[in-house]
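S.K.: everything below, folded, please.
(chains A and B)
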2 protein chains.
Amino acid sequence: MTEQDSQDGKDQVAGKQGDRDEDEFLPRRELLDQIDAAIEAGDAQRLNELLEPMHAADIADIIERLTPAERRGFLQLYSGEIDGEILSEIDESIREEVLEQLPREVLAEAVREMDSDDVVDLIEDLDEPEREEILAALDDSDRVAVQQSLAYPEYSAGRLMQSEVVTAPEHWTVGEAIDFLRSEEWLPEQFYHIILVDPRRHPIGYVTLGRLLAARRDVLLRDLTEDSFRTISAFAEEGDVAYAFNQYHLISAPVVDADDRLVGVITIDDAMAVLDEEHEEDILRLAGVGDESSLSDTVPQTVRQRVPWLATNILTALAAASVIAIFEDEIAKLVALAVLMPIVASMGGNAGTQTLTVVVRGLATRDLTSSNTMRVIRRETIVGLLNGAIFGLIMGIVTWLWFGDPGLSMVIGMAMIINLFVAAFAGILVPLALNRLGADPALASGTFVTMVTDVVGFFAFLGLAALVLL
Amino acid sequence: MTEQDSQDGKDQVAGKQGDRDEDEFLPRRELLDQIDAAIEAGDAQRLNELLEPMHAADIADIIERLTPAERRGFLQLYSGEIDGEILSEIDESIREEVLEQLPREVLAEAVREMDSDDVVDLIEDLDEPEREEILAALDDSDRVAVQQSLAYPEYSAGRLMQSEVVTAPEHWTVGEAIDFLRSEEWLPEQFYHIILVDPRRHPIGYVTLGRLLAARRDVLLRDLTEDSFRTISAFAEEGDVAYAFNQYHLISAPVVDADDRLVGVITIDDAMAVLDEEHEEDILRLAGVGDESSLSDTVPQTVRQRVPWLATNILTALAAASVIAIFEDEIAKLVALAVLMPIVASMGGNAGTQTLTVVVRGLATRDLTSSNTMRVIRRETIVGLLNGAIFGLIMGIVTWLWFGDPGLSMVIGMAMIINLFVAAFAGILVPLALNRLGADPALASGTFVTMVTDVVGFFAFLGLAALVLL
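M.R.: Presented below is the predicted three-dimensional model:
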């Protein structure tokens, strides 16, 4: 097996010898070319051969990277092979498109294989009729589990959990637990703990499988429970769940309803996926790209995602322009003002973005709390003043050398200090205010902060020039 | 236990009833005030009582949030209680500071408790003398394991792995494995698989503990191995390791040396931490904040991290200003040009940042590969042209209404189309080029792209105006 592994080079995460493109992606490119060829030739058998050794997640990636037209061709040839594993790996952005093209019986077969949390993930964004169709394909017990999960709010732990749980009464011994596991026909694909429950199904602790295996048969399960045990409310936000897994190194955690009764379990791989998505959202929102954007989106989808941000930005740019318009006479008298003014605004925008990003990130990681907010505000404003002084001095000297006008160089230096100080304030207060109002600080902070630094930058520079020079 | 849990409210990830600050952080704030009071009063016993019920990760967070002065006071009272768990949770940014203040015997005791991967993480950034001191405190076998790990490159799988591994010969049965685990004095804190090795210690498969528990004693381990099995080269980059865990839903994976021999194991919680760090780096680098920045950094540290980016930005801003300077005469004749020109530049900067972020993110998640690069370039440039047309038209109308000058409104419309088209090109080509050169695309792309959009924005608008209007 080891030899085979090194031959196809796919089952090892390799050390890099050189350029990433060479090592990691070139085989994929060749493969994709071959897949393209098979699709064009309508050669289902060849396509099967090519995809057979691949992991479901990689097949899903390939489906995502095809154009919509290629994808139709692909699904005509391959749809019979689409199983629950592939289906649960397919990105949201193309999921509906793929589901529509799957034969009903393939879809029904696929969802029957899936864990309840994957089914929930698959159908939660579907319209009612399609959702019902998929629910109808499930066994009764699975359907009930999925419906219970869907009853919890979107992005809650209840939606994330799987209802397949391995439990044991608190009075059991290790031997009883092992005998139970051996006799049980059905067990979840992956489980890492046995959850101890009292007669009313309240979870009261858990035992890792490692400790279970290492203990003698007559040891009581309750003597093996872990200190790390903590339950998750089914109503907890998925972001908080991901945080808890990362912070406390959890592997799996029981989910309880409002009465503290066990209703499911969340495993770390799902929490890791949430962490990854939340990061993606943060980074895309900060840049004003729709947080559902994907590389496989079409041109119209992409335009639709980007226009709102650009439209907001044109409004803020117009606000800044109208500040400049106030000082038209001054600029006409001293054109150097027009040459220099974007520098002041741009430096403010950059300094503001720095502070903003640190604050947005601190809120996302829960590092910024009410206990250290004052300290961070103090630090950022002092840093703003210092950076203002540093770059004000630099621009003062540059301006003097360039235009030979000491008054102008004094004005730009002072405007820089003012704007970098204000940038620090805006960079911290705007996201904090949005957060307090319940909005996502990553979403709109950038526009507000840039508007502030543009308006203040132009106003401080041109206003000071009008006062001092003209 | 359940009652106790709901009382202190700490061992459940709660559903949110209202504002995040109220629910989650207010208790911490009160706690921190009490801790502050205990530090000031020099009351070690009170401090112990307050921290006793807390998770090591939360204690580490509290230590991070203190000011350096408070931290000294804290450590004088509490250093005796600092154990391996707390130590491995403490953020890099303050780690050296904390280590210096710990009594030698406390430090030695703490590192002896830690897994080898945590010791590696702790000492890899220390200077030689301190590193040797900690190594000397370890048992011989632990020291060898740590030294072997340190021999691998920074940010490699070899640094991330723990050397504590549970293995079994491939010919063992389930019963033999369970007897072995019961008889073994020492087992890792957390393990999820038994790795099957051949006589030369090549890993050839693994068995999950769940399947081991569910099987009869006479079943052969090799009949229970998982399809998901894949090994990781000790030389693989930690980013690739995190990607593999996330992509293939791995829980733990064996690490092999250059001869394919088992040298350690990486577990998902470490991979999750790497994923989190990589995201943090991306987001901070995109904003030009040092990627090692932390909320607990002091003012001088923060200034030092931010100045390089601002210094780069002042150079690019000067480049843009010198483009404006070419057109001083035109601006003096038509001051409306000065009023409108920042709008063109600003829209280009925003559109460029949108494309840039999508590309940087695509590279980070491995969604953007050579197989779909051309498609993304095509999409982004078409989107750039369309957005240019949309916002060129809008600004044309606004300009006409504002200045009543159809020539000027035609000029700004055309300049907008040109700049948003160029922004798309720069937004995609700059990070791709940096990536190909082996640089981190997140690190410097922003500056380059903004310089391009500023220079092109001012040049296109003012140049067209000079040609058409004057």
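
S.K.: can you tell me the closest non-neighbouring residue to A:Phe327?
M.R.: A:Leu462 (3.9 Å; CB to CB, 6 or more residues apart in numbering or on different chains). For every residue, glycine as well, the C-beta is placed using N, CA and C.

S.K.: mind telling me what element the closest residue to A:Gly290 other than its chain neighbours is part of?
M.R.: Closest residue in space to A:Gly290, ignoring its immediate chain neighbours: A:Gln305 at 3.1 Å, by CB to CB, 6+ apart. Under the criterion of DSSP states H and E, A:Gln305 resides in helix A:299-326.

S.K.: now that helix: average pLDDT?
M.R.: Averaging pLDDT along helix A:299-326 gives 93.

S.K.: for A:Asp8, report the pLDDT, please.
M.R.: A:Asp8 is assigned a pLDDT of 42 by the prediction.

S.K.: about what we covered before: in the helix holding A:Gln305, what counts as buried?
M.R.: Neighbour counts over helix A:299-326 (16 or more other CB atoms under 10 Å in any protein chain shown) mark A:301-303, A:305-307, A:309-310, A:312-314, A:316-318, A:320-321, A:323-325 as buried.

S.K.: next SSE downstream of that helix?
M.R.: Next element after helix A:299-326 (DSSP H and E): helix A:328-333.

S.K.: which strands or helices does that next one pack on?
M.R.: In terms of contacts (3 or more CB pairs under 8 Å, 6 or more residues apart in numbering or on different chains; DSSP states H and E), helix A:328-333 is packed against helix A:336-364, helix A:441-468, helix B:336-364.

S.K.: find the nearest non-adjacent residue to the residue in the stretch 351-470 of chain A that chain B sits nearest to, please.
M.R.: Ranking the residues of the stretch 351-470 of chain A by distance to chain B (CB to the nearest CB) places A:Thr357 first, at 3.5 Å. Distance criterion CB to CB, 6+ apart; nearest residue to A:Thr357, sequence neighbours excluded, is B:Ala287 at 3.5 Å.

S.K.: these two touch, right, that neighbour and A:Gln354?
M.R.: Yes - using CB atoms under 8 Å, B:Ala287 makes contact with A:Gln354 at a distance of 5.6 Å.

S.K.: tell me the helix or strand right after the helix or strand A:Ile195 falls within.
M.R.: With secondary structure defined by DSSP H and E, A:Ile195 is part of strand A:193-197. With elements assigned by DSSP H and E, the helix or strand that comes after strand A:193-197 is strand A:203-208.

S.K.: wait, does that next one contact chain B?
M.R.: Yes - Strand A:203-208 lies within reach of chain B by CB under 8 Å from any CB of the partner chain, at A:203-205, A:208.

S.K.: ditto for stretch A:183-200
M.R.: Yes - using CB under 8 Å from any CB, stretch A:183-200 reaches chain B at A:184, A:187-188, A:190-192.

S.K.: of the helices and strands packed on helix A:328-333, which is nearest B:Ala60?
M.R.: helix A:336-364 (16.0 Å; CB to CB).

S.K.: average pLDDT across that closest one?
M.R.: 94.

S.K.: and after it, which helix or strand comes next?
M.R.: That would be, after helix A:336-364 and using DSSP H and E, helix A:373-403.

S.K.: after that next one comes which helix or strand?
M.R.: Assigned by DSSP H and E, the successor of helix A:373-403 is helix A:406-436.

S.K.: ok, and the most crowded of the residues of strand A:203-208 next to chain B?
M.R.: A:Pro203 (26 neighbours; other CB atoms under 10 Å in any protein chain shown).

S.K.: could I get the buried residue list for stretch A:57-67?
M.R.: The neighbour-count check on stretch A:57-67 (16+ other CB under 10 Å) flags A:57-66 as buried.

S.K.: so how far is that stretch off the chain centroid?
M.R.: 19 Å (CA atoms, centre = their mean, to the nearest Å).

S.K.: cool, and stretch A:395-410?
M.R.: 46 Å.

S.K.: next: stretch A:200-207.
M.R.: 32 Å.

S.K.: for A:Arg216, phi and psi?
M.R.: Torsion angles at A:Arg216 (phi, psi; degrees, to the nearest 10) stand at phi -70, psi 160.

S.K.: that one: what's it in contact with?
M.R.: A:174, B:182 (CB atoms under 8 Å, 6 or more residues apart in numbering or on different chains).

S.K.: what comes into contact with stretch A:375-388?
M.R.: Applying CB under 8 Å, 6+ apart, the set of residues contacting stretch A:375-388 is A:351, A:355, A:358-359, A:362, A:368, A:416-425, A:427-429, B:67, B:295, B:297-299, B:302-303, B:306-307, B:310.

S.K.: mind listing what's buried along it?
M.R.: Applying 16+ other CB under 10 Å to stretch A:375-388 flags A:376-377, A:379-388 as buried.

S.K.: how about it as CSV, C-alpha atoms only?
M.R.: Extracted C-alpha coordinates of stretch A:375-388, given in CSV (Å, rounded to 0.1, in the frame of the first residue of the first chain):
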residue,chain,number,x,y,z
ARG,A,375,-6.8,50.0,26.8
VAL,A,376,-7.0,49.4,23.1
ILE,A,377,-8.7,52.7,22.4
ARG,A,378,-5.9,54.4,24.3
ARG,A,379,-3.2,52.5,22.5
GLU,A,380,-4.7,53.1,19.0
THR,A,381,-5.1,56.8,19.5
ILE,A,382,-1.5,57.2,20.8
VAL,A,383,-0.3,55.2,17.9
GLY,A,384,-2.3,57.4,15.6
LEU,A,385,-0.7,60.5,17.0
LEU,A,386,2.8,59.1,16.8
ASN,A,387,2.4,57.8,13.3
GLY,A,388,0.8,61.2,12.4
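
S.K.: I'd like the mean pLDDT over it, please.
M.R.: 95.

S.K.: ok, stretch A:40-59 next?
M.R.: For stretch A:40-59, the mean confidence score works out to 90.

S.K.: what about that stretch and chain B, touching?
M.R.: Yes - Stretch A:40-59 is in contact with chain B by CB under 8 Å from any CB, via A:55, A:57-58.

S.K.: tabulate those in JSON lines, adding columns for distance to B:Leu126 and secondary structure.
M.R.: Listed next are the residues of stretch A:40-59 next to chain B as JSON lines, based on distance: CB to CB, whole Å; DSSP: H, G, I helix; E, B strand; the rest coil:
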{"residue": "A:His55", "distance to B:Leu126": "39", "secondary structure": "coil"}
{"residue": "A:Ala57", "distance to B:Leu126": "38", "secondary structure": "helix"}
{"residue": "A:Asp58", "distance to B:Leu126": "40", "secondary structure": "helix"}
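
S.K.: A:Tyr206 pairs with what?
M.R.: A:Ile195 (DSSP bridges).

S.K.: how many residues are close by A:Val398?
M.R.: A:Val398 has 17 nearby residues by other CB under 10 Å.

S.K.: my guess is it meets B:Ala317, correct?
M.R.: No - at 10.4 Å, A:Val398 and B:Ala317 do not qualify as touching, with contact defined as CB under 8 Å.

S.K.: give me the pLDDT value at the closest residue to A:Tyr152 other than its chain neighbours.
M.R.: Distance criterion CB to CB, 6+ apart; nearest residue to A:Tyr152, sequence neighbours excluded, is A:Gly158 at 2.6 Å. At A:Gly158, the model reports a pLDDT of 96.

S.K.: equivalent analysis for A:Ala332, please.
M.R.: So, for A:Ala332, pLDDT stands at 94.

S.K.: would A:Val265 count as being in a strand?
M.R.: Yes - applying DSSP: H, G, I helix; E, B strand; the rest coil, one finds A:Val265 inside a strand.
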